[in-house]
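1. Quick one, fold the following:
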Amino acid sequence: MKHATDIQRRNLLKLAGFTLTATLFPGVLQAMNSRIKSTASANFHPDVEIELQMEAIMMPIFDGPRTRIWKIYGEVIKGPKNSLVNLNDTYLGPSLRFQKGQKVRIYMKNNLHAESILHWHGLHVPSEMDGNPMYAINRGETYVYEFEILNRAGTYWYHAHTHSVTAKQVYSGLAGLLIVHDKEEQSLGLPKDQYDLPIVIQDRSFNRQNQLVYVNNMMQRMRGFLGDQIMINGQPHFVLQAATRPYRLRLLNGSNSRIYKLAWDDGIPMTVIGVDGGLLEKPEKYQYVMLAPAERIELWVDFSKKPVGTELTLRSLEFSAGGMGMMGGMGMMGGMGGRRRMGMGTMGGGMMSNSVIPNGSEFQVLKVRIDRKELGKETLPKKLTQITPLQISNTANRNDPRTIRLSMRHMSALLNGRSYKMNDIRPDEIIPVNTLQLMEFDNGFHGMNGMSMPHPMHLHGEQFQIIKRQVNSRHRSAYSTVSEGLMTNGWKDTVLVMPGEKVSILKPFNDFKGLFMYHCHNLEHEDMGMMRDLLIQ
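-> Numbers count the residues shown, from 1 in each chain. Sure thing, here's the model as predicted:
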């Protein structure tokens, strides 16, 4: 193929660092060798073939000077043309839509003056297709992804996953939505087409020249970057123009570190029909929902009883954010109400930023305006799908859970006291393939873990199920400000672990051998080293 990638030289250099580990654990060598392959497979026959290109461009976001961003553009080479939609009026990458069972080939060309690689967040794909940082390619190179869509219908996404600079690259624009459909979901009669809407929530900061501000001093790294402008689908001052009918809203928290406590301002409950890994068994109602970085929820929202002209807002309410900010630090700040300018430098440097929207304060996220009358025929199903609960009795380690302790100390972000290294597989990070594992994230449940902060923990590969949440007495009061909105049911790939909390999960490791990452999805924490590899063999 004309898109063949010559990454062998750098791969061999990287491979040298794995020599000792590979000698001790031969499965690592097998995983590493696979990445030297850099051309399309002759025996892989895709139903959908796509080309993606990463570019540095200037685009209009506000009136006045254009904003420099890193943008992903795409083109369908083979297959349904609606598999990809470029979003030319936003910094977000193209939206991708696939059907379960489709075979997909993606040529990802890097035209940036920096290494990069894309991770397909939430998808169950082979390790060499997962976007591990060791696969990062240079300017002018192309990475060839080939995988089958094994996931059930759901809202997934993709984003840069480059070692030590993931936060900056995602912040610059290297991210987009990936939606999977299947026959079961399509038989439910849920709102579709223009009534099935993505809502990507992010926070950004801009200076007076309309340039993105990314401050990366140690304080920002420890707490995570917080912007002063709430962006919806990559746009400021976004207003959802809606009709008097039901909608399906797919919400993604694409922020680097900000956690949202989402609720409607009129007090109507949030009707959740789906989470990270697809539909819930049945709709669930919440007064508010917590949405941590990388988490997704799907909402059923029925505007049929709202008069034309009604305006309502989705707000983020006050909560205790531990070390990330004080509850209600700025009160009723209007995150969408007016342009906030930092004037403190551009991406990659500048003075320390003090966000006018602290984590845990209340602010407006999304404005909805009912501007027309329509009659929608959809009704909310009482039953959405069947989810078979995973059982502890079927785990390979029912009496010995794999504990991952989260800590922030000595200006480091650690997992089990370890920082990320590419050649550092430890015995407790090796898992037999085709097993079900009992795992637990311990964020100071058994004692102090340094700086007390929430951590959204993400595991690559298959989705998992949450079976238990426990919080110690010391943190119970703060925990009560978020506990009623923590998503527990359904299939998940990211879970918010609050200070003083221990979350137990059941995680399958089926089908694929190789290296799969686990890390905090506060992207500044990830870049500080709060990330490790699991070796499945």
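
2. On the three-state scheme, the spatially most central residue of the chain is what?
-> Ranked by distance to the mean C-alpha position of the chain (C-alpha atoms, centre = their mean), the top residue is residue 294 at 2.5 Å. Recorded secondary structure, residue 294: coil (DSSP: H, G, I helix; E, B strand; the rest coil).

3. Would you agree it is in contact with residue 521?
-> Yes: counting by C-beta atoms under 8 Å, residue 521 is a contact partner of residue 294 at 4.1 Å. Yep, even glycine has a C-beta here, placed from its N, CA and C like the rest.

4. Look up which residues are beta-bridged to residue 469.
-> Here residue 469 sits in beta bridges with residue 503, going by DSSP bridges.

5. OK, contacts around it?
-> Contacts here follow C-beta atoms under 8 Å, 6 or more residues apart in numbering; on that basis residue 469 touches 486, 488, 501-504.

6. Just give me the neighbour total for residue 183.
-> For residue 183, the number of neighbouring residues by other C-beta atoms under 10 Å comes to 10.

7. now swap in residue 137 and tell me
-> Neighbourhood size, residue 137 [other C-beta under 10 Å]: 22.

8. give me the beta-bridge partners of it?
-> For residue 137, the residues forming beta bridges with it (DSSP bridges) are residue 116.

9. Settle this for me: it is touching residue 112, isn't it.
-> No: counting by C-beta under 8 Å, residue 137 stays clear of residue 112, with 10.0 Å between them.

10. one step back: ok, the contacts of residue 469 vs residue 287, which is closest?
-> Of all those, residue 287 sits closest to residue 486, with 12.6 Å by C-beta to C-beta.

11. Now do the same contact list for the residue nearest to the centre of the chain.
-> Neighbours of residue 294 in contact, by C-beta under 8 Å, 6+ apart: 121, 157, 252-254, 456, 458, 493-494, 521.

12. for it, phi and psi?
-> phi 80, psi -10 (degrees, to the nearest 10).

13. same deal with residue 485?
-> Per degrees, to the nearest 10, the backbone of residue 485 is at phi -120, psi 10.

14. what's the answer for residue 221, then?
-> phi -70, psi -40.

15. I figured it hits residue 524, correct?
-> Yes: counting by C-beta under 8 Å, residue 221 does reach residue 524; the two are 4.7 Å apart.

16. So the two - more neighbours on which side?
-> Taking other C-beta under 10 Å, residue 221 and residue 524 do not tie; residue 524 has more neighbours (23 against 19).

17. Surely the more buried one touches residue 225?
-> Yes: applying C-beta under 8 Å, one finds residue 524 in contact with residue 225, separated by 5.8 Å.

18. shared neighbours of those two, anything?
-> By C-beta under 8 Å, 6+ apart, the residues touching both residue 524 and residue 225 are 167, 216, 256-257.

19. Widest-spaced pair of those?
-> 216 and 257 (12.2 Å).

20. between those two, who's got more neighbours?
-> residue 257 (28 against 19).

21. Run through the protein and note the low-pLDDT ranges.
-> 1-37, 323-355, 448-450 (pLDDT under 70).

22. in it, what residue sits furthest out from the centroid?
-> In the chain, by C-alpha atoms, centre = their mean, residue 307 is the one farthest from centre (35.2 Å).

23. how long is stretch 163-180 end to end?
-> End-to-end span of stretch 163-180 (C-alpha to C-alpha, to the nearest Å): 28 Å.

24. and it, how far out from the chain's middle?
-> From the chain centre to the centre of stretch 163-180 is a distance of 9 Å (C-alpha atoms, centre = their mean, to the nearest Å).

25. Going forward, the N-terminal residue is numbered 283.
-> Got it, the first residue is 283 from now on, which makes the last one we talked about stretch 445-462.

26. burial of residue 382, as a residue count?
-> Neighbour number of residue 382 under other C-beta under 10 Å is 18.

27. Now it: phi and psi?
-> According to degrees, to the nearest 10, residue 382 has phi -60, psi 130.

28. residue contacts, it?
-> 431-435, 462-465.

29. how about a cut-off of 6 Å?
-> 431, 462, 464 (C-beta atoms under 6 Å, 6 or more residues apart in numbering).

30. ok, now residue 467?
-> Counting by C-beta under 6 Å, 6+ apart, the residues that residue 467 touches are residue 435.

31. Before we go further, it is sitting in a strand, right?
-> No: counting by three-state DSSP, residue 467 is not part of a strand but helix.

32. Relative to residue 478, how far out is it?
-> 11 Å (C-beta to C-beta, to the nearest Å).

33. Over to residue 802?
-> Counting by C-beta to C-beta, the gap from residue 802 to residue 478 is 31 Å.

34. now the strands for the stretch 433-582 of the chain?
-> For the stretch 433-582 of the chain, the strands defined by DSSP state E, counting those that start in this stretch occupy 436-442, 457-463, 478-486, 511-514, 521-525, 528-535, 542-546, 552-557, 560-568, 571-573, 578-584.

35. Quick check: can you name the pairing partners of the shortest one and their directions?
-> Pairing partners of strand 571-573, with direction, according to DSSP bridges: strand 542-546 (antiparallel).

36. What of the second one?
-> Taking DSSP bridges as the criterion, strand 457-463 forms sheet pairs with strand 377-381 (parallel), strand 436-442 (antiparallel).

37. In CSV, list those strands along with distance to residue 717 and mean neighbour count.
-> Shown next, in CSV, are the strands paired with strand 457-463 (distance: least, C-beta to C-beta, whole Å; neighbours: other C-beta atoms under 10 Å):
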stretch, distance to residue 717, mean neighbour count
strand 377-381, 28, 21
strand 436-442, 24, 25
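
38. TSV for the ones you listed, including distance to residue 653?
-> Below are the strands paired with strand 457-463 laid out as TSV (distance: least, C-beta to C-beta, whole Å):
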stretch	distance to residue 653
strand 377-381	24
strand 436-442	25
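
39. So which of these is nearest residue 353?
-> Residue 353 sits nearest to strand 436-442 of all the strands paired with strand 457-463, at 12.1 Å, using C-beta to C-beta.

40. Can you name the residues in contact with the closest one?
-> 398, 400, 402-405, 448, 451-452, 456-462, 532, 534, 559-560, 578.

41. Next: stretch 793-813.
-> 313, 408-409, 414, 446, 448-449, 503, 506-507, 538-539, 575-576, 695, 701-702, 715, 737-738, 740-743, 776, 814-819.

42. end-to-end on it?
-> 23 Å.

43. now swap in stretch 697-706 and tell me
-> 13 Å.

44. Please check the contacts of residue 751 and keep the buried ones.
-> 768, 783-786 (16 or more other C-beta atoms under 10 Å).

45. Looking at those residues, spot the one nearest residue 520.
-> Using C-beta to C-beta, those come closest to residue 520 at residue 768, 26.6 Å.

46. Quick one: neighbours of the spatially closest residue to residue 415 that is not a sequence neighbour, just the number.
-> Using C-beta to C-beta, 6 or more residues apart in numbering and skipping the chain neighbours, the partner closest in space to residue 415 is residue 445 (3.8 Å). The number of residues packed near residue 445 is 16, by other C-beta under 10 Å.

47. distance of residue 445 from residue 451?
-> Taking C-beta to C-beta as the measure, residue 445 falls 11 Å from residue 451.

48. Ok, residue 564 next?
-> Taking C-beta to C-beta, one finds residue 564 at 38 Å from residue 451.

49. if you count what's nearby, which of the two comes out ahead?
-> Using other C-beta under 10 Å, the more surrounded residue of residue 564 and residue 451 is residue 451, with 24 against 14.

50. Return the member of the contacts of residue 382 nearest to residue 571.
-> residue 462 (21.6 Å).

51. List the beta-bridge partners for the closest one.
-> Going by DSSP bridges, residue 462 forms beta bridges with residue 380, residue 436.

52. Before I go, just wanted to say thanks for your time.
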